[in-house]
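*Asks:* sequence unknown, structure follows:
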């Protein structure tokens, strides 16, 4: 088995259909739908579209968890002991188990919410962030940026479960949220340890994290205003070790991404 | 009322533990290091394979088992400083070159169509060998002086048995045609040849039988 498996070689059964996330965000039809939206973009149970949007988001969580599992697994294999010490790989192996459980939870929650595997497409952006060959960058991109996004997503879904009177959804999302906080902590810890004597490498890794954070705020998907369906979960991010400055920076990136989306909509609409 | 001052034997009549054992400190440490090395190669392979198998249930099982074997390696390495090796990495070594060849062959399959080959290597060749070697070790070592190793191996064996059973069930569900039977048999045969040539996961004498220079089997260790 070779090291560094490209995204094109991710193995899936015939139910999975791959799509490009950027295509979805730049599709002018989605912009027009957004323009028709007369109030908040948040997931709220009293909106007629809420069940469909929640199901779609749950399927997105499901495929994201598969890729998070694959990414953590590749980190146990792709690097030798000098690039990634055993203790780091042990943490990644633990993350494999956690992500396996998250896939299991997501499959069952999907059934609970009335969707099924393959009903929506799969964008492989998460695994793509895990294809970098520097373990410090990979941990910054996957464990800090994407697992950080997972904190925001799970907290949003947990709130939706509570607001919609669905104790099963709320219960499961809360458990997954606890794991994600742990994964972000692992990423922060290992980023610090791997780059202890190399500040330039740390800065490159953090720059990559910022790029990933901006990418996943695409079109205002994640932010702190009513225009974003996924809200930044400040309290849980603090628990995961992000300081206020870092969270403000992510909020700023999200606002920039929303402005970019508005500009794009102005050009195409 | 029980008189606590009345002398009692240190060992209760039902406690049959004894001092003699097959391994001295160095040999127990060597074996533990060899197990740790192979558990490491195994968890890395399982982690790497997750992205390469299309079957969703197999993917999830590999994720779970990946952590089990990483944890085994950690437990074994924690025992090494207690066995006089303060730098666990120094004794976390393959038993011999034959084991390196076996591990390389085990890890080799990559294609999405090779799930059977991947699983046969782990669940029909390596795990049965691991269970045998750990059982031999805990049955043979001194039940008093090497009790910490026995305790560790018992924890590991619980995982190994359950993981082997789960993997075997996956294999039985995947192998349904004569061609697949052939593939599974061929894979097991080629890996068995390598591990037999290596003498087992701890090298010659893994199960107490060694190969001497003339190629005949003999008792490797005796009390």
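*Replies:* Thanks, I have it. Keep in mind it's a predicted model, so treat the numbers as computed, not measured.

*Asks:* what helices or strands is the longest helix along chain B leaning on?
*Replies:* Counting by DSSP state H, the longest helix found in chain B is helix B:147-174. Packing partners of helix B:147-174 (3 or more C-beta pairs under 8 Å, 6 or more residues apart in numbering or on different chains; DSSP states H and E): helix B:56-79, helix B:115-119, helix B:127-140. All C-beta atoms are positioned from the backbone trio N, CA, C, and that covers glycine.

*Asks:* tell me the mean pLDDT for it?
*Replies:* In this model, helix B:147-174 carries a mean pLDDT of 98.

*Asks:* on that earlier part again, export the helices and strands packed on helix B:147-174 to a markdown table and tack on distance to chain A?
*Replies:* As requested, these are arranged in a markdown table below (distance: least, C-beta to the nearest C-beta, whole Å):
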| stretch | distance to chain A |
| --- | --- |
| helix B:56-79 | 3 |
| helix B:115-119 | 9 |
| helix B:127-140 | 17 |
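
*Asks:* in CSV: the ones you listed, plus mean neighbour count.
*Replies:* Shown next, in CSV, are these (neighbours: other C-beta atoms under 10 Å in any protein chain shown):
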stretch, mean neighbour count
helix B:56-79, 23
helix B:115-119, 22
helix B:127-140, 19
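
*Asks:* that older thread, quick check: what element follows the longest helix of chain B along the chain?
*Replies:* Using DSSP states H and E, the helix or strand that follows helix B:147-174 towards the C-terminus is helix B:178-198.

*Asks:* stretch A:137-155 spans what distance, first to last residue?
*Replies:* Using C-alpha to C-alpha, to the nearest Å, one end of stretch A:137-155 lies 26 Å from the other.

*Asks:* is chain B within reach of it?
*Replies:* No - shown here: stretch A:137-155 not in contact with chain B (C-beta under 8 Å from any C-beta of the partner chain), separated by at least 13.2 Å.

*Asks:* try stretch A:59-70
*Replies:* Yes - using C-beta under 8 Å from any C-beta, stretch A:59-70 reaches chain B at A:66, A:69-70.

*Asks:* for residue B:99, which non-adjacent residue is closest in space?
*Replies:* Of all residues not flanking residue B:99 in the chain, residue B:198 sits nearest, at 4.7 Å (C-beta to C-beta, 6 or more residues apart in numbering or on different chains).

*Asks:* my read: that neighbour touches residue B:102, true?
*Replies:* Yes - if you go by C-beta atoms under 8 Å, residue B:198 and residue B:102 touch, sitting 5.6 Å apart.

*Asks:* what about residue B:5, is that helix, strand or coil?
*Replies:* Taking DSSP: H, G, I helix; E, B strand; the rest coil as the rule, one finds residue B:5 in the coil state.

*Asks:* what count of nearby residues applies to it?
*Replies:* By the criterion of other C-beta atoms under 10 Å in any protein chain shown, residue B:5 has 5 neighbours.

*Asks:* centroid-nearest residue for chain B?
*Replies:* Central residue of chain B (C-alpha atoms, centre = their mean): residue B:130, 2.7 Å from the mean position.

*Asks:* can you pull the contacts of that residue?
*Replies:* By C-beta atoms under 8 Å, 6 or more residues apart in numbering or on different chains, residue B:130 lies in contact with B:35, B:38, B:160, B:201.

*Asks:* let's have those in TSV, adding neighbour count, distance to residue B:111 and secondary structure.
*Replies:* Shown next, in TSV, are these (neighbours: other C-beta atoms under 10 Å in any protein chain shown; distance: C-beta to C-beta, whole Å; DSSP: H, G, I helix; E, B strand; the rest coil):
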residue	neighbour count	distance to residue B:111	secondary structure
B:35	28	30	helix
B:38	27	24	helix
B:160	22	27	helix
B:201	25	26	coil
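
*Asks:* what about residue B:198 and residue B:102, which has more around it?
*Replies:* For residue B:198 versus residue B:102, neighbours defined as other C-beta under 10 Å are more numerous around residue B:102 (29 against 23).

*Asks:* how about that one: what's its closest non-neighbour residue?
*Replies:* Nearest non-adjacent residue to residue B:102, counting by C-beta to C-beta, 6+ apart: residue B:194, 4.2 Å away.

*Asks:* was I right about the one you found contacting residue B:105?
*Replies:* Yes - with contact defined as C-beta under 8 Å, residue B:194 and residue B:105 form a contacting pair (5.7 Å).

*Asks:* return the residues of chain A in contact with chain B.
*Replies:* Counting by C-beta under 8 Å from any C-beta, chain A sits next to chain B at A:1-2, A:5, A:9-13, A:66, A:69-70, A:72-78, A:81, A:86, A:89-90, A:92-94, A:96-97, A:99-100, A:103-104, A:117, A:127.

*Asks:* residue A:250 against residue A:213, yeah?
*Replies:* Yes - with contacts counted by C-beta under 8 Å, residue A:250 reaches residue A:213, the gap being 5.4 Å.

*Asks:* need the overlap of contacts for the two.
*Replies:* Contacts common to residue A:250 and residue A:213, judged by C-beta under 8 Å, 6+ apart, are residue A:148.

*Asks:* now do the contacts for the residue nearest to residue B:99.
*Replies:* Residue B:198 makes contact with B:95-96, B:98-99, B:101-102 under the criterion C-beta under 8 Å, 6+ apart.
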